[in-house]
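**Q** What follows is a predicted structure for the sequence shown.
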Amino acid sequence: MSKMAASSGRALKSFVQGCCGCSSVILPSIARNVILQKPAVTVLARLVCTSSTLQRKNIAAAGPEKYTQEFIKKQIEEFNIGKRHLANMMGEDPETFTQEGIDRAIAYLFPSGLFEKRARPVMKHPDEIFPKQRAVQWGEDGRPFHFLFYTGKQSYYSLMHDTFGKFLDIQKYQDSMRAEGLFSQDTKQVNLIGSRWMIKEELEEILVQPISDHDCLRFIQLLERILALPYCSIEEEYIQRFRRALEVQSKKQKIEPLQYDENEVAFSIGEGRRKTATATATVRDNGSGNITVNGVDYLLYFPVLQDREQLMFPFQFLDRLGKHDMECKVTGGGRSAQAGAIRLATARALLSFITENEVESMRQAGLLTPDPRVKERQKPGQEGARRKFTWNKR
Amino acid sequence: MEQYLFGCRLEQDILDLDQTMEHLQQALNFTAHVAYRRGIILFVSRNRQFTHLIESMARDCGEYAHCRYWQGGLLTNANVQYGKGVRLPDLIVFLSTLNNVFQQHVAVRDAAKMNIPTVGIVDSNCNPSLLTYPVPGNDDSGPAVELYCKLFRMTINRAKDKRRQMEILYGLKSQND
């Protein structure tokens, strides 16, 4: 398969000679795929002496084992025949024998006490066992299929080529519009709100080929350049293929529906936690701002102003200070933790009373985020979580 | 490059177009023969202006192009780069022998190492010594590169058509053995 043979058409042969301590190697005379010249060409003969150490193969350098297509096909046939035999053995119908049936059969016929599940006997479809090999990229005559094969990154560069082709198409369209005198700057723009560009991992999935951060960046830059042109809406469909929708965060909030009690008054229940304190709050409509905590008025339960401010913050944010009544139960934690828990509970309860935009503004204000801070544990060799023992010089 | 120059005027080197024509004819003749014998032709150029043009031309001919960043071992380390048993190009055509830093393209030296014949358009700032068929000519301007693309495409298409004609005429089977 050497390049030399292809261009010059000469063949190298070596003769076997019994030299002491060394053995000679016969090189393959003519590669299969090479075009033969007329046999009148002179043939160079060269003696090649190698020693036994040189002939030893470096097995590790060959890389992972490669499986040919025929081998895999044979394995698949054997698997299917074996599946039918197994079904007959277990007394089940060979036609409708699933993978779970195979697993049960193997576990029954070959019981294994090994702890590592992956070391136990297994019978699976060969596609799941043998690692996927890249299909050979060239035909029988050795010519690669893709015209950019010799770059190494054929799918990525072909993508860049196509994208640049779209860019040139838009420019040509622009020129034709200019020639007709219909050119205008204010044309339909591509809608980019609510979506983001693809990340490197998603691009790798599409191209089935690893790429670098730099490559991904270049591709995104090319797409942005296309979007800067006035008539980019022609190729909008092509560009949207590379954009992913952003998830709207506020849709993830679970809003309880409003409940009505005996006096036709609307109320809603919310739960909240902070450090070790848990609180359940019931917010009622048509109220006048009364707040009861564990059966006691809030002024008596929270003597400190800071805690009472925490309680009133959700109402103040929504401008509904004197409109609701609140009744809550709280256990655990300390003074500040209970106040924080009640605040989260009221905010969640109030979700049922307000519009979606207000929900989004509440979420951005941080009213709906549970505070994840808890007391950090003490570590051995230290006095507290962070405080170390007093350092002694001696 | 002095032998290929007609002269110099106002610090602009003028290439001798008679010599260019002879060299170009020889280069195109060689390309035609390689294409006739079903060789792999690789077009290389690092001039970013004409990347798209050259790649489209290569695709239309049915040949191959590499107008991107050249990784080190593409020719010399081919078995590791592409896989075992890959067939390397039988001819490399340079539409510009310089890379982006105005140094000689690595592929010129690598092709010489791997005994691959090369055809290259050499401008007055290039080194023609390692190329088998240098063609003195301008590699910077649009019309020039478009002309070269047109000529190579025409040559390769004609050579392939001739091959198909001869196969049908003499009933030769495709050389796969």
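**A** That came in fine, so what should we check first? This is a predicted model, so every value here is computed, not measured.
**Q** Low-confidence ranges, chain B, go.
**A** B:172-177 (pLDDT under 70).
**Q** Close to chain A: what parts of it are there?
**A** Neighbours of chain A within chain B, by C-beta under 8 Å from any C-beta of the partner chain: B:37-38, B:40, B:42, B:51-52, B:55-56, B:58-59, B:62-66, B:68, B:71, B:74, B:81-83, B:85-90, B:114-117, B:174-177. (Glycine included, C-beta is placed from N, CA and C.)
**Q** Inside strands: which ones of those?
**A** Counting by DSSP state E, the residues of chain B next to chain A place B:42, B:64-66 in strands.
**Q** Buried ones in the biggest helix by length in chain B, by neighbour count?
**A** The residue-count maximum for a helix in chain B (DSSP state H) belongs to helix B:142-170. Neighbour-count burial for helix B:142-170 flags B:144-145, B:148-149, B:152-153, B:155-156, B:159-160, B:163 (criterion: 16 or more other C-beta atoms under 10 Å in any protein chain shown).
**Q** Can you give the distance of it from its chain's centre?
**A** 13 Å (C-alpha atoms, centre = their mean, to the nearest Å).
**Q** swap in stretch A:121-138?
**A** For stretch A:121-138 - counting by C-alpha atoms, centre = their mean - the centre lies 23 Å from the chain centre.
**Q** again, but for stretch A:315-327
**A** Worked out by C-alpha atoms, centre = their mean, stretch A:315-327 lies 43 Å from the chain centre.
**Q** And the pLDDT at residue A:337?
**A** At residue A:337, the model reports a pLDDT of 95.
**Q** And the next helix or strand past the strand or helix carrying it?
**A** Assigned by DSSP states H and E, residue A:337 belongs to helix A:335-350. For helix A:335-350, the following helix or strand on the C-terminal side (DSSP H and E) is helix A:356-365.
**Q** For that next one, give me every contacting residue.
**A** Applying C-beta atoms under 8 Å, 6 or more residues apart in numbering or on different chains, the contact partners of helix A:356-365 are A:249-250, A:253, A:255, A:314, A:317-318, A:347, A:350-351, A:354, A:368-369.
**Q** Also stretch B:133-142?
**A** By C-beta under 8 Å, 6+ apart, stretch B:133-142 touches B:1, B:4, B:15-16, B:19-20, B:23-24, B:26-27, B:30, B:45, B:47, B:49-50, B:95-98, B:117-124, B:126, B:128, B:144-145, B:148.
**Q** Quick one: mean pLDDT over stretch A:291-298.
**A** The model assigns stretch A:291-298 a mean pLDDT of 91.
**Q** Can you point out the buried residues in it?
**A** Buried-residue list, stretch A:291-298, by 16+ other C-beta under 10 Å: A:291, A:293, A:298.
**Q** and those residues, which of them are in helices?
**A** Reading helices off the buried residues of stretch A:291-298 with DSSP H, I get residue A:298.
**Q** in the stretch 201-350 of chain A, which ranges drop under the pLDDT threshold?
**A** Answering for the stretch 201-350 of chain A: the residues below the bar, that is pLDDT under 70, span A:249-251, A:256.
**Q** For it, which segments count as helices?
**A** Ranges of helices in the stretch 201-350 of chain A, per DSSP state H, counting those that start in this stretch, are A:213-227, A:236-240, A:298-301, A:305-317, A:335-350.
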